[in-house]
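Trainee: give me a model of this one.
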Amino acid sequence: MNAFQFARIPRIHFGTGSFSNLANIIEPYGSQVVIICSRSVSAFPVFSGFLDQLNRKQQVAEVCILTGEPSPQFVDQVVDRVSGRDPSCVVAIGGGSVVDAGKAVSAMIPLGGRVKEYLEGVGSREPDGRKIPFIAVPTTAGTGSEATRNAVISEPGPSGFKKSLRHVNYVPDIAVIDPALTLTCPLDVTMSVGMDAFTQLLEAYTSTGASPLTDALAWNGLEMSVRSLPVVFTDPDNLEARSELSYAALLSGITLANAGLGVVHGFASVIGGLFPAPHGVVCGALVAPVTRENIRKLMATGEHPNALWKYSRVGGLFTPEPSSMEKQLEMLSERIEAWANDFRIPKLGKFGITRANADHIVSQAGQKTNPVKLDPDELAGILLETME
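Mentor: Model prediction:
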């Protein structure tokens, strides 16, 4: 058995109705609460009830609304706004972008300076791990940011970036995961972020950085996501399926933080910095062609037979009948591609990505823990397949 390390995870409160206890969870930290949320979350009836609970406990809430993905400007503005009030904790209620924004704000309040100075590949300074207590409350089942150590910050544009503020101490202190909150998520967003969770689980499971511990968690998450994603698509109000998907998303965050990811997310990091393409859509569009190409090259080279066996095993989740390894490998790519079509995941050309961008994207796409090394022509072929 190979040696491995495993990062800490948050204290997890999982279950339908767990959001109703959030005010009690916050109370021991102090009375000055910074809340990061989206505009849609701020309109939830349960959110108003939560603010009423804080008020009755004489806790002062500073609510900051995030629109879109977190930019350096948003993080800096919130930090400037709240720093003089000596915040006792930061609470992020929303999708992965909101959780990332809250994670960055909790880190930058004691750190000082501008967040751009500390972003990997952008700034020149290293974060020291200080933060104020941070509580993540996801309202989507996708990114797993409630269990990861990095906050993804974006500045889209021709010279844009999508980079992480990262430190092991930035894992949320507490994650409150109430699957009932995901019932309000629009179906198109639900399916794209669900595809992101599946992709993270598949990439962590087949990663060169995987361990027996991450394998066990990723496999459990893959079982849940394969079972629940089609159910949620046809029956969005099915709370049991929503719960399984929320659980799978949580496991995707834990496993990616400890095993790493592959080419899909290598592409997604670059594309997200250049174009206004939602992260889940990018992953949903890319996961089938990347998986197909990984399998093809693994079979051609004979490298990492364990990764090929893992792909085959995941393919077996899509059929109750025992099949050969070759059939299960074929089944995996076909069914993921069918998911992308059935769930109406847009092609990437919709967001302005063209053949002229391919060489630049390919040159920047990382594949550090991908199960097999793909050459530039193979990467370009994958990208072109997703454009139209």
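
Trainee: give me phi/psi at P156?
Mentor: Note on P156: its backbone torsions stand at phi -70, psi 150 [degrees, to the nearest 10].

Trainee: check contacts around it.
Mentor: By C-beta atoms under 8 Å, 6 or more residues apart in numbering, the contact set of P156 is 69, 162, 272-276. For every residue, glycine as well, the C-beta is placed using N, CA and C.

Trainee: cool, and E244?
Mentor: Contact analysis of E244 by C-beta under 8 Å, 6+ apart lists 224-225, 227-228.

Trainee: of the residues you listed - the most surrounded one?
Mentor: S225 (28 neighbours; other C-beta atoms under 10 Å).

Trainee: let me see the ranges of the strands in this structure.
Mentor: Under the criterion DSSP state E, strands of the chain are mapped to 11-14, 32-38, 60-66, 89-94, 134-138, 150-155, 161-166, 174-177.

Trainee: what pairs with the fifth one, parallel or antiparallel?
Mentor: Just to be clear, that refers to strand 134-138. Take DSSP bridges as the rule and strand 134-138 pairs in its sheet with strand 89-94 (parallel), strand 174-177 (parallel).

Trainee: next, the angle from that strand to strand 32-38.
Mentor: For strand 134-138 against strand 32-38, the angle by axes from the mean of the first three to the mean of the last three C-alpha atoms, to 10 degrees is 30 degrees.

Trainee: quick one: contacts of strand 134-138?
Mentor: Identification of contacts with strand 134-138 by C-beta under 8 Å, 6+ apart yields 10, 19, 22, 25-26, 89-96, 99, 102-103, 106, 145-146, 170, 172-178, 181-182, 246, 249.

Trainee: CA atoms only for it - export them in CSV, please.
Mentor: Extracted in CSV, the C-alpha atoms of strand 134-138 (Å, rounded to 0.1, in the frame of the first residue of the first chain):
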residue,chain,number,x,y,z
PHE,A,134,-15.9,30.0,8.6
ILE,A,135,-19.1,28.1,8.1
ALA,A,136,-20.1,26.8,4.7
VAL,A,137,-23.8,26.2,3.8
PRO,A,138,-24.1,24.9,0.2
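
Trainee: what angle do it and strand 150-155 make?
Mentor: Angle of strand 134-138 versus strand 150-155, following the same axes, to 10 degrees, is 70 degrees.

Trainee: domain map for this protein?
Mentor: 11-182, 186-385 (automatic domain parsing).

Trainee: out of those, which is closest to F4?
Mentor: Of all the domains of the chain, domain 186-385 sits nearest to F4, with 3.6 Å by C-beta to C-beta.

Trainee: any idea of the mean pLDDT in the closest one?
Mentor: Predicted confidence along domain 186-385 averages 95 (mean pLDDT).

Trainee: repeat that for stretch 133-142.
Mentor: 97.

Trainee: now do stretch 103-121
Mentor: 95.

Trainee: the chain should start at 95 in everything you say after this.
Mentor: With 95 as the first residue, the last one maps to stretch 197-215.

Trainee: end to end, how far does that stretch reach?
Mentor: Chord length of stretch 197-215, first to last residue, is 19 Å (C-alpha to C-alpha, to the nearest Å).

Trainee: what's the burial count for the closest residue to S125 other than its chain neighbours?
Mentor: Nearest residue to S125 in three dimensions, chain neighbours excluded: Q153, at 4.8 Å (C-beta to C-beta, 6 or more residues apart in numbering). Neighbours of Q153 under the rule other C-beta under 10 Å: 19.

Trainee: then the one 4 residues further on?
Mentor: Neighbourhood size, V157 [other C-beta under 10 Å]: 15.

Trainee: so who does it touch?
Mentor: The neighbourhood of V157, defined by C-beta under 8 Å, 6+ apart, consists of 129, 131, 136, 145.
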